[in-house]
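Asks: could you look at this predicted model? Sequence included:
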Amino acid sequence: MARIQQRALCSVFALVAAGAGVAAFVDDGELAPLFNGVDLSGWVNVNCAPGTFTVRDGMIVSTGVPTGVMRTTRQYENFIIELDWMHRQPKGNAGLFVFSDPLPAPGVPFTRGIEVQILDGLNTVNYTSHGDVFAIHGAVMTPDRPHPGGWMRCLPSENRARPAGEWNHYRVECQNGAIQLAVNGKVVSGGTRCRPRKGYICLESEGSEAWFRNIRIRELPSTNPTAEEVAPLDDGFQSLYTGVDLAGWNVAPGHVGHWKPTDWILSYDGKSEAADKNLWSAQEYGDFTLMCDWRFTGKPVMKKHPVILPNGDEPLDADGKPQEQEVADAGDSGIYLRGNSKSQVNIWCWPIGSGEVYGYRKDKTLAPEVRAGVTPKKNADHPLGQWNRFIITLRGDRLTVDLNGQRVLENAQLPGVPAKGKIALQHHGDAIQFANIFIKPPE
């Protein structure tokens, strides 16, 4: 009897919602809340400001600023997820990501995964506002219908999304690497052979206010994905940049207008007027792993720079002058570790490549193996103007640096490095941008 009454009551709610223009589903116990309507328990703010995603009147409200994502605390493989969404202004942009990585892909504010587009009033031959499904930032998907431009993107079979100011209902089913999207009650788009096919679920912030409610999920039995089909697990990285201000950094008056938050990118024009022009973290760190994306934005010019041998020496030519090589140069910067400039991981355009520890390499009082250890084993920099990603790991006095997925320093010794200190983004008088700055304590 209680079950019949519950179903009747749910049917009444469904009719009320339908009368309000919302394609609602009946909660028959198969779908469980993924959002409790009260707080953001079960969700993690990945790279946005503390106020980007909040709860109001039983909804998740996204300001859209900065561009970024909030994800679930755990991964999902096969499932059905339903939610209502509404843009507050015309041409608003947001998204629902599935099979997502825990952190943004290099040089972008979004994670690798499959995106279910939540967009208003922007329609072209290549994309629509009615429920596109597509692979982003290294993910793979075969669209259910060929895309006119050959993209891994499925355009909807018909236009069913309602405009800004009205609620829409999405039902997304993911099963064994296949995805289907129903917009307001009808399947319109999807894809197969998704990779990854297990990962986190994300809500996207992208420039304008969006509302989400009635987020519910039903997990389906696993179909045993391989390790290559599963997104990496969250391993404890915490963002050091909010995208809207420099909270967590020491901002001298002379930094204002020069070290400048510009959405998900932290831009520096190279012209700070502070006495110490470097941007220092407010907190000190001992052992850690730091992730940081960077790129030079200045116009490259041809310059001659010293050649550096694998042992850290700079050879001389027949005239006794340093050997040099002409390369395109757009600037110089670096990342200071534990509060001092000697333990600086270089960002520059020298032939040896970024990642070397200049202060230790140039110190000829140190043992040869120390100077060789802080000299990059390869130049792994991307072409000027493109984004690069550092993964810097410091344990005790041992430093490992990965650049763009390649190891350039491994277990290099930094004798006498302080046990603890602040991190700095270096001023060197050149324009540079940073993004995706994350840190985690030792494992």
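Replies: It's in. Numbers count the residues shown, from 1 in each chain.
Asks: for the residue nearest the centre of the chain, give me its contacts.
Replies: Computing the C-alpha centroid of the chain and ranking residues by CA atoms, centre = their mean puts Pro104 first, at 1.8 Å. Pro104 is in contact with 46-47, 68-69, 110-111, 436, counting by CB atoms under 8 Å, 6 or more residues apart in numbering. All C-beta atoms are positioned from the backbone trio N, CA, C, and that covers glycine.
Asks: pick out the most distant pair among those.
Replies: Spatially, the most separated pair among these is Val69 and Asn436, at 11.7 Å (CB to CB).
Asks: would Glu369 count as being in a helix?
Replies: Yes: under DSSP: H, G, I helix; E, B strand; the rest coil, Glu369 sits within a helix.
Asks: which non-adjacent residue is nearest it?
Replies: Nearest non-adjacent residue to Glu369, counting by CB to CB, 6 or more residues apart in numbering: Gln413, 7.7 Å away.
Asks: need the residues that contact stretch 343-351.
Replies: With CB under 8 Å, 6+ apart, stretch 343-351 has contacts from 294, 296, 300, 303, 305-308, 325, 327-337, 354-360, 379, 381, 384, 388, 390, 392, 399, 401, 414, 417-418, 426, 432.
Asks: and the buried ones among those residues, selectable in ChimeraX?
Replies: In ChimeraX syntax, the buried subset of the contacts of stretch 343-351 is picked out as below (16 or more other CB atoms under 10 Å):
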select :294,296,305,307,308,329,330,331,332,333,334,335,336,337,354,355,356,357,358,359,360,381,384,388,390,392,399,401,414,417,418,426,432
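Asks: give me the subset of the contacts of stretch 343-351 lying in helices.
Replies: Taking DSSP state H as the definition of helices, the contacts of stretch 343-351 contribute 358-360.
Asks: in CSV: these, plus distance to Pro368 and pLDDT.
Replies: Below are the ones in helices among the contacts of stretch 343-351 laid out as CSV (distance: CB to CB, whole Å; pLDDT from 0 to 100):
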residue, distance to Pro368, pLDDT
Tyr358, 17, 96
Gly359, 16, 96
Tyr360, 12, 98
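Asks: thinking again about what came up before, so which of Val69 and Asn436 has more stuff around it?
Replies: Val69 (30 against 27; other CB atoms under 10 Å).
Asks: touching, that one and Phe110? I think so.
Replies: Yes: here Val69 reaches Phe110: they are 6.3 Å apart, a contact under CB atoms under 8 Å.
Asks: any shared contact partners between those two?
Replies: 97, 104, 204.
Asks: okay, those in CSV with secondary structure, pLDDT and distance to Pro225 next?
Replies: Shown next, in CSV, are the shared contacts of Val69 and Phe110 (DSSP: H, G, I helix; E, B strand; the rest coil; pLDDT from 0 to 100; distance: CB to CB, whole Å):
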residue, secondary structure, pLDDT, distance to Pro225
Phe97, strand, 98, 17
Pro104, strand, 98, 22
Glu204, strand, 98, 24
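Asks: show me what contacts the closest residue to Lys342 other than its chain neighbours?
Replies: Nearest residue to Lys342, sequence neighbours excluded (CB to CB, 6+ apart): Gly359, at 3.3 Å. Residues near Gly359 by CB under 8 Å, 6+ apart: 341-344.
Asks: could you dump those residues to a markdown table with pLDDT, secondary structure and neighbour count?
Replies: What follows is the contacts of Gly359, written out as a markdown table (pLDDT from 0 to 100; DSSP: H, G, I helix; E, B strand; the rest coil; neighbours: other CB atoms under 10 Å):
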| residue | pLDDT | secondary structure | neighbour count |
| --- | --- | --- | --- |
| Ser341 | 95 | strand | 13 |
| Lys342 | 97 | strand | 17 |
| Ser343 | 97 | strand | 23 |
| Gln344 | 97 | strand | 20 |
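Asks: determine which two of those are furthest apart.
Replies: Between any two of the contacts of Gly359, the greatest separation by CB to CB is 7.7 Å, found for Ser341 and Ser343.
Asks: burial measure for Leu290, as a count.
Replies: Residues lying near Leu290 (other CB under 10 Å) number 21.
Asks: enumerate every residue touching the closest residue to Glu77 other than its chain neighbours.
Replies: Excluding its sequence neighbours, the residue lying closest to Glu77 (CB to CB, 6+ apart) is Lys198, at 3.9 Å. Lys198 makes contact with 75-77, 99, 225, 229-231, according to CB under 8 Å, 6+ apart.
Asks: report the contact partners of the residue nearest to Arg295 when sequence neighbours are not counted.
Replies: Distances taken as CB to CB, 6+ apart place Trp387 nearest to Arg295, at 4.8 Å, with adjacent residues excluded. Neighbouring residues of Trp387 by CB under 8 Å, 6+ apart: 106-108, 293-295, 435.
Asks: which of those sits closest to Pro90?
Replies: When these are compared against Pro90 (criterion: CB to CB), the nearest one is Val108, at 25.2 Å.
Asks: a helix runs through that closest one, doesn't it?
Replies: No: read with three-state DSSP, Val108 is coil and lies in no helix.
Asks: domains for this structure, by residue range?
Replies: Using automatic domain parsing, the domains assigned to the chain come out as 23-231, 239-440.
Asks: between the two ends of the last one, how far is it?
Replies: Spelled out, that is domain 239-440. Domain 239-440 has an end-to-end distance of 9 Å (criterion: CA to CA, to the nearest Å).
Asks: three-state assignment of Gly149?
Replies: The three-state label given to Gly149 by three-state DSSP is coil.
Asks: excluding sequence neighbours, find me the nearest residue to it.
Replies: Asn126 (5.2 Å).
Asks: pick out the most distant pair among the contacts of Trp387.
Replies: Going by CB to CB, the pair spanning these furthest: Val108 and Trp294, at 13.6 Å.
Asks: quick check on Pro66: phi, psi?
Replies: Note on Pro66: its backbone torsions stand at phi -80, psi 180 [degrees, to the nearest 10].
Asks: ok, it touching Thr262?
Replies: No: using CB under 8 Å, Pro66 is not in contact with Thr262; the gap is 9.0 Å.
Asks: which one's more surrounded, those two?
Replies: Using other CB under 10 Å, the more surrounded residue of Pro66 and Thr262 is Pro66, with 23 against 11.
Asks: what ranges do the strands span in the stretch 51-200 of the chain?
Replies: Secondary structure of the stretch 51-200 of the chain (DSSP state E, counting those that start in this stretch): strands at 53-56, 59-62, 68-72, 79-87, 93-100, 113-119, 133-136, 140-143, 153-154, 168-175, 178-183, 186-195, 200-205.
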